[in-house]
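Chemist: Sequence first, then the predicted structure, then my questions.
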Amino acid sequence: MPAVSKAFRFLLILNFWTLLAAAGAQGQVRISGQLDRLEASQAIVRYFTSELDAEPTIWRANVDGHGRFEMEFPLDRPVEAYFEAGNQQTRLFLEPGDQLELRADLERFDESLRYRGKRSSRGNNSFLAAWILAFEDTDSPAHFTLESRMAQLQPHEFSLLADSLLARQLDFLDRQARRSKPSRGFLAYQREQILFQDAIARYAYAGKYTYHGNELEDSYFQFLYRLNPQTALPFLSESYLEFLFYYLPYELSRGNDTRAMPQEQYLVELYNFTRGNLQGLPAYSVCTSILRAGLEDYSPRYASLVEDFLATCPYPRHRELIEWLSQEALRVQPGRPAPDFSLPDARGQMQRFSELARGKRVYLYFWSIWCVPCQNQLQRLEAFLRENPAQDLLVVSVCLDNNIRGWEAWSRGLNPPGAHLYDGAETANTGELWGVKQMPHAYWIAPDGTILLNPAPTPEQTEEFSRMVLGH
């Protein structure tokens, strides 16, 4: 196999994209069009400006009785976008300053798409429309996906098929570029997209093939030599990010037995590998995703990673997100004061946690009606406390569920001694306050209100639970 370092020997090419990003170009985008025989009240454009966005940016325009629409909005970077009208949809590529007019009809939407306007806008999206018809239209006789052939082929056969598709796509890129006249930046983007999507398919095959103990020859990974993992694009496309999430773990695994690593060790190794092999926005975007995964189930081993990230990341949105997530994760870690809350009990009376828990050892247990293991644990808890009564121990169970009738029925039956509270649709934030990601989840809290264990043992962990409650 080629050494990992060789895959990073590509130089970072400063092209049109880098210059555009550095300039921070800002411009209005104007999109108008004619929709024939298309029943739609609105034309919609949606896109993500960052991989951190939870929701897309959406622009809408009313379609008049003649099928005409027009919209205008600001844009400061190139984006992949979706245009929607009625039940029809297509992809767009937009750059600051674009002026684009489209025309389409309902009967043959993709085939009828025509673009006019600013030369680069027209060229970019005419190319994209032709590409969709050639390689993504499932009705096309030539359409197939590499993924659909993986189970049928040996490695050399799959490589030949992937090489054939890649050659067709690159040839199409060159021929259609002469016809559509897209911008240089768009061509650079599209070429990288082709290579990343090719690599994604090859990595996916490698994962499936090696999963059952098979080994691949070095020659299989020759496709790495035509890739630049450190892209010069000023925004991170879905294909590029997906490629990185194949590339980095797989490259790390080629020098380490990652399958035997505990989750926290694996995330630490992957973070350090990423920081050592990528730079700039790609590196910090991947590291953001790694830390987000790690902080979902906090470990002290992540503290140094968070410190490194906050000290070195030059991207404010990424830095602010990790800072907030780390603060949230630390809020319910051992040594911190227990967050307070008020919830109704089985009689409908509001109970404040801090008042219930004052001066007692507290076992705080989050569960749900639909969670069968949760209910089994409550039965074990009741049996344990019946056999081992403890005067200074308080069990506080919090049911996170919208099934209040189910909870009321439970509270009238099985009822371990303690306070049993309900957090349903009316309150529904206690689990978030305590950082509960899965159920059941328990905490052990000292008489002074300090969190001692997170997570605390559950009753099925007999030895650990007994030692925690009884001290032996």
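Modeler: Structure received. Numbers count the residues shown, from 1 in each chain.

Chemist: in the biggest helix by length in the chain, what counts as buried?
Modeler: Using DSSP state H to define each element, the chain has its longest helix at helix 184-211. Neighbour-count burial for helix 184-211 flags 185-190, 192-203, 205-206, 209 (criterion: 16 or more other Cβ atoms under 10 Å). Where you see a C-beta, it was placed from the backbone N, CA and C, and this is true even at glycine.

Chemist: Now do the helix or strand where Cys399 lies: which elements does it pack against?
Modeler: Under the criterion of DSSP states H and E, Cys399 resides in strand 393-400. Secondary-structure packing of strand 393-400 (3 or more Cβ pairs under 8 Å, 6 or more residues apart in numbering; DSSP states H and E): helix 353-357, strand 361-367, helix 372-387, strand 419-423, helix 430-433.

Chemist: Need those in CSV (columns: mean pLDDT, distance to Glu215 and mean neighbour count).
Modeler: Listed next are the helices and strands packed on strand 393-400 as CSV, based on pLDDT from 0 to 100; distance: least, Cβ to Cβ, whole Å; neighbours: other Cβ atoms under 10 Å:
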stretch, mean pLDDT, distance to Glu215, mean neighbour count
helix 353-357, 94, 55, 16
strand 361-367, 94, 45, 24
helix 372-387, 88, 39, 16
strand 419-423, 91, 51, 22
helix 430-433, 89, 45, 16
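
Chemist: right, so of the ones you listed, which gets closest to Glu269?
Modeler: Evaluated over those, closeness to Glu269 peaks at helix 430-433, with 30.0 Å, by Cβ to Cβ.

Chemist: Need the CA coordinates for the helix or strand just after that closest one. PDB is fine.
Modeler: Sequence order places strand 441-445 as the next helix or strand after helix 430-433, per DSSP H and E. These are the backbone C-alpha positions of strand 441-445, laid out as PDB (Å, rounded to 0.1, in the frame of the first residue of the first chain):
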ATOM      1  CA  HIS A 441     -29.000   7.100  32.500                       C
ATOM      2  CA  ALA A 442     -28.200   7.600  36.200                       C
ATOM      3  CA  TYR A 443     -26.200  10.000  38.400                       C
ATOM      4  CA  TRP A 444     -24.800   9.600  42.000                       C
ATOM      5  CA  ILE A 445     -25.000  12.800  44.000                       C
END
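
Chemist: Next, the angle helix 372-387 makes with strand 441-445.
Modeler: In terms of direction (axes from the mean of the first three to the mean of the last three Cα atoms, to 10 degrees), strand 441-445 departs from helix 372-387 by 40 degrees.

Chemist: So for strand 441-445, what gets flagged as buried?
Modeler: Residues of strand 441-445 classed as buried by neighbour count (16+ other Cβ under 10 Å): His441, Ala442, Tyr443, Trp444, Ile445.

Chemist: Give me the secondary structure label for the residue nearest to the spatial centre of the chain.
Modeler: Computing the C-alpha centroid of the chain and ranking residues by Cα atoms, centre = their mean puts Ser289 first, at 7.2 Å. Assigned with DSSP: H, G, I helix; E, B strand; the rest coil, Ser289 falls in the helix class.

Chemist: Leaving out sequence neighbours, find the closest residue to it.
Modeler: In this structure, Ser289 finds its nearest non-sequential neighbour in Phe245, 7.6 Å apart by Cβ to Cβ, 6 or more residues apart in numbering.

Chemist: Surely the one you found touches Ile290?
Modeler: No. Using Cβ atoms under 8 Å, Phe245 makes no contact with Ile290, being 9.9 Å away.

Chemist: So which of those two has more stuff around it?
Modeler: Using other Cβ atoms under 10 Å, the more surrounded residue of Phe245 and Ile290 is Ile290, with 23 against 16.

Chemist: Quick check, that one in contact with Tyr271.
Modeler: Yes. In this structure, Ile290 is within contact of Tyr271 by Cβ under 8 Å, at 4.9 Å.

Chemist: residues making contact with stretch 385-393?
Modeler: Residues outside stretch 385-393 that contact it (Cβ atoms under 8 Å, 6 or more residues apart in numbering): Gly359, Lys360, Arg361, Val362, Tyr363, Val395, Pro416, Pro417, Pro447, Ser466, Val469, Leu470.
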